[in-house]
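> From the sequence below, what's the structure:
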Amino acid sequence: MSSTSRSALFSLLVGATVALAGCHTSINGPIVVGDGETRDGHLSTVNGLVKVGKDCTIRGGCRTVNGGIEIGERSEVEQLAAVNGSIRTAPGVTVKGDVESVNGPVSLDPETRIEGEVQTVNGTIRLVGARVEHDVRTVNGDIYLGEGAIVRGDVVFERQLGSSGRRRPPTIELRDGSVIEGDLLVEDPDLGVRLVLRDGSEVRGRIENAEVERVEAQDGV
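Below you'll find the model as predicted:
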């Protein structure tokens, strides 16, 4: 997946537009699904928010180009994809596929389960008590795991292609007993990634090209 993940993210620009041929679409407005509703097909918009209420079932993906995505408590959806907006899940959400963002942050609340990968290019990734069954990948984003979050695959900082400029060194922080079961891999050895481990959190696989700092609980935030 490593060789294709970045191209997959940028393909959202095309994919989100193509998805407008689906069942629930908007060009310049939001899509709102009320509590307890079931929808078949994609929820897709170009310039607007996609908001799904509590206890909903979406048999398709939620996609937007210039807007955010919000998924309510205990709802289930196939995929989440945004280009220039944030993605946020409330507690207890299930995403059957991937969560992908190009330029916005991804924030996953407790008991959220992602059955695919979480990917960003420039967005921060926050997993708070959430579980990701496969990899977490970014190019320029910081990563935070708290409240016992689990990544069952690898966490990868991908090499930036086609640019000679120096990137800001990202930080990855784990706290509250959070775990990466796979490896932490930094593809650019000069990037200067800083890994902070707090409160017994751990990376169970190998750590490659990252500076490790272990902090005891009493040392503060």
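> Skipping adjacent residues, who's closest to His90 in space?
For the record, residue 90 is Ala, not His. Nearest non-adjacent residue to Ala90, counting by Cβ to Cβ, 6 or more residues apart in numbering: Glu73, 4.4 Å away. For the C-beta atoms, the positions are set from N, CA and C on the backbone; glycine is no exception.
> Just give the number of residues close to the one you found.
17 (other Cβ atoms under 10 Å).
> Also the one 10 residues further on?
Residues lying near Val83 (other Cβ under 10 Å) number 23.
> does it really touch Thr64, like I thought?
Yes: Val83 is within contact range of Thr64, at 7.3 Å (criterion: Cβ atoms under 8 Å).
> and the residue nearest to Ala90, backbone torsions?
Backbone torsions for Glu73, taken as degrees, to the nearest 10, come to phi -60, psi 140.
> ok, now how distant is it from Val155?
26 Å (Cβ to Cβ, to the nearest Å).
> same deal with Val212?
13 Å.
> Please say which of those two ends up with more neighbours.
Legend: neighbour count by other Cβ under 10 Å for Val212 and Val155, higher for Val155 (28 against 12).
> That one: what's it in contact with?
135-137, 143, 172, 180, 182-185, 203 (Cβ atoms under 8 Å, 6 or more residues apart in numbering).
> mind running it again at 10 Å?
118, 125, 132, 135-138, 143, 145, 172, 174, 180, 182-186, 193, 195, 203, 205, 207, 210 (Cβ atoms under 10 Å, 6 or more residues apart in numbering).
> go on, Asn47?
26-30, 64-67, 84-85.
> Now Ile172: which helix or strand?
Ile172 belongs to strand 171-174 when assigned by DSSP states H and E.
> residues in contact with that strand?
In contact with strand 171-174 (Cβ under 10 Å, 6+ apart) are residues 124-127, 136, 138, 141-146, 149, 151, 155, 157, 180, 184, 186, 192-203, 210-211, 213, 215.
> Just checking: what are the partner strands of that strand?
strand 143-146 (parallel), strand 193-198 (parallel) (DSSP bridges).
> packing partners for the helix or strand harbouring Gln119?
Using DSSP H and E, Gln119 maps to strand 118-120. Strand 118-120 is packed against helix 5-10, strand 76-82, strand 99-101, strand 106-108, strand 125-128, strand 136-138, with contacts defined by 3 or more Cβ pairs under 10 Å, 6 or more residues apart in numbering; DSSP states H and E.
> 6 Å instead, please
strand 99-101, strand 136-138 (3 or more Cβ pairs under 6 Å, 6 or more residues apart in numbering; DSSP states H and E).
> Appreciated, that's everything.
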